[in-house]
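Student: A predicted structure for the sequence below; I have some questions about it.
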Amino acid sequence: MQIGAVKIDNPFILAPLAGYTDLAFRLLCREYGAGLCYSEMISCHGLVFRQQKTLDMLQSDPAERPVAMQLFGSDPEIMGEAAAIIAEYPVDIIDINMGCPVRKVIKKGAGAALMKNPKLAANIIRKVSENANQPVTVKIRSGWDHHTIVAEEFSKMAEDAGAQAIALHARTWTDGFSGAVDWGVIEKVKKAVSIPVIGNGDIRSYQDGLEMLSKTGCDGVMIGRACLGNPWIFQPDRQDPSLSFRVTALSRHLELIARYNAVDKILAKTTNHAGKYFKGHPQAAAIRKRIYETRSFEELRNFVNSL
């Protein structure tokens, strides 16, 4: 797959996940085979106001490239200014979030709310594209609800406005993260536009991804929540990994976290990540209990290394 001039080695892509897809986790997923990784969503206002915490979210490393940074907001001018700031960083793709269902984002007219306002959405895409050196992609949903499945028309609009790829979570805003995913919408969008289409929604295994590619004709598969504690999902034949395999993966994740973060400031986030590595294992409950009881990063790392 190719997005603008950016070549993607394989079609399995890490989705943007708020609170999770920071630099350490993106690097880990790249090491396990992800062809492209997306950052967690970044506030356009935070960038334009030069808030340090927001600027820190642009932290990257050459080893993770290609990488996509995802912007969210509803003001075309501010989004354009934010894109110009990102364009100064070693980033390969700028993505616009037009699919987030979280109410605090919706209330500001951003995320999935933009699917109800295609004129504003088009203006945002144009402004971001005008200010970016990188190709611009857009992440959307099928529509606002099941009475307004507008992904085809919205994707055509996005392409006309300058988007160079579409990532489609095949649920509506009202579905949130539950309910059935409609792969038929992905297939229709793929037929409607000439730019790459990335399918998203309930891919729980490598095999699921292959099936989506085959049945919808989409160019890429975006994996979200199923990759948490499971970065090996980007590799075939990793359905039931051993305890030692899980520990090796988590140890590498902790190593990357230590390299790029003030570790004890993010202990709760780290233990949240760590607990997910043992889902489905017979000892999962006991291991998670010990993980959540740790009081420092070093204590956590020592426990993991003792497994």
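Tutor: Sure thing, it's come through.

Student: residues in contact with the closest residue to residue 89 other than its chain neighbours?
Tutor: Using Cβ to Cβ, 6 or more residues apart in numbering and skipping the chain neighbours, the partner closest in space to residue 89 is residue 58 (5.1 Å). For every residue, glycine as well, the C-beta is placed using N, CA and C. Contacts for residue 58 (Cβ atoms under 8 Å, 6 or more residues apart in numbering) come out as 39, 42, 47, 69, 86, 89, 91.

Student: which of these has the most neighbours?
Tutor: Within the contacts of residue 58, most neighbours by other Cβ atoms under 10 Å means residue 39, with 26 neighbours.

Student: and that residue, that one's in a strand?
Tutor: Yes. Residue 39 forms part of a strand when assessed by DSSP: H, G, I helix; E, B strand; the rest coil.

Student: that one contacts residue 54, correct?
Tutor: No. The pair residue 39 / residue 54 is not scored as a contact, 11.3 Å apart, by Cβ atoms under 8 Å.

Student: how long is stretch 89-97 end to end?
Tutor: With Cα to Cα, to the nearest Å as the measure, the ends of stretch 89-97 fall 19 Å from one another.

Student: mind checking the pLDDT average for that stretch?
Tutor: For stretch 89-97, the mean per-residue pLDDT is 97.

Student: list the buried residues of it.
Tutor: 91, 92, 93, 94, 95, 96, 97 (16 or more other Cβ atoms under 10 Å).

Student: now do the contacts for the first one.
Tutor: Yep, that's residue 91 we're talking about. Here residue 91 is in contact with 58, 60, 67, 68, 69, 134 (Cβ under 8 Å, 6+ apart).

Student: I'd like those residues as JSON lines, with secondary structure, pLDDT and distance to residue 277 appended.
Tutor: Conversion of the contacts of residue 91 to JSON lines gives the following (DSSP: H, G, I helix; E, B strand; the rest coil; pLDDT from 0 to 100; distance: Cβ to Cβ, whole Å):
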{"residue": "58", "secondary structure": "coil", "pLDDT": "97", "distance to residue 277": "27"}
{"residue": "60", "secondary structure": "coil", "pLDDT": "97", "distance to residue 277": "24"}
{"residue": "67", "secondary structure": "strand", "pLDDT": "98", "distance to residue 277": "23"}
{"residue": "68", "secondary structure": "strand", "pLDDT": "98", "distance to residue 277": "25"}
{"residue": "69", "secondary structure": "strand", "pLDDT": "98", "distance to residue 277": "26"}
{"residue": "134", "secondary structure": "coil", "pLDDT": "97", "distance to residue 277": "33"}
